[in-house]
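Undergrad: Sequence plus the predicted model coming up.
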Amino acid sequence: MKKLNLVFIAGLTASSVFFTSCSNDDDTTIDPEETGEFSNGVFILNEGNFGSSNASVSFFGDNGVLQNGIFQSVNGESLGDTAQNIFLDEDKAYIVLNGSGKIEVVNRYSFERLGTVSSGLANPRYFITENGKGYVSNWGDPSNPEDDYIAVIDLGNYTVSATIPVVEGPDRLEADNGKIYVAHSGGWNYGNTVSVINASNNSISSTITVHDYPNSLLEENGVLYVLCGGKPAWTGEETTASLYKINTADNSILTSLEFPVGQHPTNLEEEEGNLYFTLDATVFKTEMGTTTLPPNPLFDAASQGVFGIYGFAVENGKIYVGDAGDFVSNGKVFIYSNSGNLLNELSVGFLPNGFASND
Amino acid sequence: MKNLSIFLCVLLGFQLIDAQTDTIQLSEANLSDSHLLRFTETQRKTVLSDSVLQRNGASLSGLLNFNSLVYIKENGAGMVASPSFRGTTASQTAVIWNGININSRFLGQTDFNTVNPLGFDHLVIKPGGGSIAYGSGAIGGSVHLNNQMPFNKNTENEVLFQYGSFQNYGLNIRSRYSNEKISLNLILGRNGSDNDYDIEKLDRKNLNGQFYNQNLSVTAGYKFDSKNLLKFYGNLYDGERHFSLISPNSFKTKYHDYNTRSMIEWNGTYGNFISNLKLVHLGEEYRYYPSLEAVNYEFGKVETQWVKYDLGWRMKNAYLNLILDYNNAQAKGSAIVFAKRQTGSASLLWKQKLTSKLRYEASISQEFSEDYKAPFLYSFGIKWNATKNYEMRFNSSKNFRMPTFNDLYLPGNENLKVKPETSLQAEWGNHIQLADFHLDVLGYYNAVKDFILWVPNGSLWYPENVGEVRIYGLESQLNYTQKFGQHRLEINASYGYTVSRNEESKKQLIYVPFHQSTASVGYSWKRISSYYQFRYNGKVFTDSNNQNELKDYSVSNLGLELGLGKNRNYKIGAQVLNVWDEAYENVLNRAMPGRHYNLYIHLKFK
């Protein structure tokens, strides 16, 4: 309940100095026919300020060229409010706009809009595809724990074809082998479950109980990895964080690695047999098979002036860190090698919160 | 026409606007905020009479937009509106109700779309510091909402009914009775709107922007004898706003404000001593509905009890004033479960007339609080009427703003180490009168230290005293009034230039325009009067790196009024608002209405 207090209080009061947010109608105009396609590089999703409709997408090409505001420059329209998630599948990119309550679907190489899912969503969060259908987590009315659901999207006509009611705060999604895994971070409260949805009949086949606040998850070789952040101290009922490994064959818990009290990690990522996660401004790396948690971080982004990592991804041997700065100016992206050496620094849109590699 | 008016502004060295300096008699007997009378001579103040209030309807933001250089940041018409004076912020702006600071304890500011100016008899706008008399937040300036207490006026009644585009409606009624002993005054208002104006850029209407509010003001006074006067002031504001959608499929939300203010005041005049005791209760309550049907709304509630004692000693050519103040506030809600705060202050104010042309004011004050260490405050001002046509003023003061309840107690974001913001400022004003022209030119400087900013740290935000902001600027105001026969012409123009810079980054604060201007021309002949109001806001930066901006705009209103009846006691009027149909935003992606219309009837009867 309290997590978003600040967000809405700030939004409501338009509190003078900082939250009052900002535009990013970047002047950089790109002619897609001139610059070619967005085929080799990384999309950077810039969330924008809630209620300001200044979300945007940047593209950093393998050729070292950064282009900001590509949705706007290709489609002549602003993207919308509060971009939560970008997901690539086949030749399409799906962008979930939480504040606008819609999903923009574009061609992932030209970024031309193909369609919009514009009804049937309520506070949409994350998107994934499985078996030719789209799945979207929705918080509904965030103060109502009873109305959360997964929307099933018909990818032929971009409409909601079915809804699956779930417990409060469905957030990040993972799909594998006909199953959708839903991490219930808990919305305005704190959740502690992962729902398993059978994609063939859109029903919940199982519910796995984990630690509080499962904030990220991924599946690899029949194992589901779930990072639970735990409740922070200020809630008055702090709980510990934990990294779960779950056997996807029978949903049994293989291991649960507990973090020390007071640590609340997030952003679980995987690449080439390694797991990565973040804690405040530090990045940790460990082997997937590990039975202990890494004692020391790989590197600390504080050296780059990062207060807290806002967006995080590991793609093609590189680590991407999004820094929202003071939240009322253009954000930055720092790109590191997988051993933690700084390679690039980019000035992107407001609140860079996600990345997607387009190869 | 629009271009012509801008051309004229440039020609005059002024960007236009309208600042109505009506001649209202502020007098001790009928005004609770006596400090406004006595200790603000070395600063500028603008009094807006009820006739001006009626022109801009039931919205304080609309009123100040067209009648002052207060910059209003409005999240779309009727939505959250935060004011700022001279490059400061909304929480550095104090709103004073009959002498009492009513800024929200949660937020440290007042939303100007939750105050109905028609609930008051007049408004005073006072730029510049005022923390000694008005406490926290009076850094950039203060807006004073005053109710009057007339005696010996028998009965007076007024009805103002207005109806316009987007189903804007307003019914505001005033009724008074007074004899030599008793004064009873009642003001009632109900205002609302569907607020579904067209947004051209998005090719749709403003959605979910409807609102209504009701306001009740009651004042009553009883004169025991020539020395003792007992007064009661009451005000109740109840308003519900839906928050307009940023996008058609966004989640619909709404917000409810419920504010109560009551005050008992005992005024005694004993020879050269003037004693004034105020007992006040303030209640503020909000409810935020994350969805229209939400059962689990977010809420917050603060109740404040206040005792203020004011003792004045009138001497020949001098006045000494002691103010003692104690208040106790208790908050509860869904975010801040419980918080309380006691504060007290003692102030000593002095003014003296040295010669018929030279006078000065000097004041000191100290506030005491459980939660923070308040700075020692002082103020000094001088006014010199050098010649019949030229007057010079100087004022310098130290002011402060206390950390709000949200700054200190919001769970997960609280920081008990936050100190008050302090501001040291000076202004130099010049007033020149030539024939029927009044010109006022003023320069100011303001250094705000320990600026309270919310900064992210990991996934959480904390308030910190991070910044130092330096502000300097210029304000000028021109007034011209001419009467010939049955014709009356009044022209007002004002222009403001403000640099408000974060000393660390050397960047202009977001949403502070460098240039602002207002102008108005009023012309009346016999029973017909007409007026033209103009506001210009220069470009503002919407990000702290000054890389993104909102473009400048100007908005104008045109009004025509016809007086009927023997004493012109009945008026009908029509207004064209945003007459040039300017498409503008004053907060990013929050479009304001294009051209729209309003009709009103105003009746006065015994």
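TA: Looks like it arrived, so ask away.
Undergrad: which residues of the chain fall in helices?
TA: You didn't say which chain, so I picked chain A. A:5-13, A:32-35, A:70-75 (DSSP state H).
Undergrad: Sorry, I should have been clearer: chain B.
TA: Counting by DSSP H, the helices of chain B are B:2-12, B:34-38, B:50-55, B:60-67, B:131-134, B:405-409.
Undergrad: looking at those helices, which is closest to chain A?
TA: Chain A lies closest to helix B:405-409 among these, at 6.6 Å (C-beta to the nearest C-beta). Any C-beta I mention is one placed from the backbone N, CA and C, and that applies to glycine too.
Undergrad: shouldn't A:T278 be in contact with A:T266?
TA: Yes. Using C-beta atoms under 8 Å, A:T278 is in contact with A:T266, at 6.0 Å.
Undergrad: Between these two, tell me which one has more neighbours.
TA: A:T278 (25 against 21; other C-beta atoms under 10 Å in any protein chain shown).
Undergrad: Report the contact partners of the more buried one.
TA: A:T278 sits next to A:P265, A:T266, A:N267, A:F284, A:I309, A:F312 when contact means C-beta atoms under 8 Å, 6 or more residues apart in numbering or on different chains.
Undergrad: Can you name the residue of the stretch 51-200 of chain B nearest to chain A?
TA: Counting by C-beta to the nearest C-beta, the stretch 51-200 of chain B gets nearest chain A through B:T89, at 3.4 Å.
Undergrad: Any buried residues in stretch B:503-522, and which?
TA: Across stretch B:503-522, burial judged by 16 or more other C-beta atoms under 10 Å in any protein chain shown covers B:507-514, B:516-522.
Undergrad: now swap in stretch A:177-195 and tell me
TA: Buried, per 16+ other C-beta under 10 Å, within stretch A:177-195: A:179-195.
Undergrad: With stretch B:427-445 instead?
TA: Buried-residue list, stretch B:427-445, by 16+ other C-beta under 10 Å: B:E427, B:G429, B:H431, B:H438, B:L439, B:D440, B:L442, B:Y444.
Undergrad: So which residue is dead centre in chain A?
TA: Taking C-alpha atoms, centre = their mean, the centroid of chain A lies closest to A:N85, which sits 5.0 Å from it.
Undergrad: so how far is chain B from it?
TA: With distances taken as C-beta to the nearest C-beta, to the nearest Å, A:N85 is found 16 Å from chain B.
Undergrad: Which residues are in contact with B:E464?
TA: B:N415, B:V418, B:I452, B:L453, B:W454, B:V455.
Undergrad: does it have beta-bridge partners, and which?
TA: Per DSSP bridges, the residues bridged to B:E464 are B:L453.
Undergrad: Pull up the gap between it and chain A, please.
TA: Counting by C-beta to the nearest C-beta, the gap from B:E464 to chain A is 11 Å.
Undergrad: And that residue, what's its pLDDT?
TA: B:E464 carries a pLDDT value of 83.
Undergrad: And it, how far from B:W454?
TA: 8 Å (C-beta to C-beta, to the nearest Å).
Undergrad: same deal with A:N353?
TA: 19 Å.
Undergrad: returning to that earlier point: inside strands: which ones of the buried residues of stretch B:503-522?
TA: B:K507, B:Q508, B:Q516, B:S517, B:T518, B:A519, B:S520, B:V521, B:G522 (DSSP state E).
Undergrad: So which of these is the closest to B:R401?
TA: B:Q508 (20.4 Å; C-beta to C-beta).
Undergrad: Touching, the closest one and B:K539? I think so.
TA: No. Counting by C-beta under 8 Å, B:K539 is not a contact partner of B:Q508; they are 10.1 Å apart.
Undergrad: Around chain A, which positions in the stretch 401-550 of chain B sit nearby?
TA: Contact residues (C-beta under 8 Å from any C-beta of the partner chain) of the stretch 401-550 of chain B with chain A: B:406, B:410-414, B:451, B:453-461, B:509-511, B:542-545, B:547-550.
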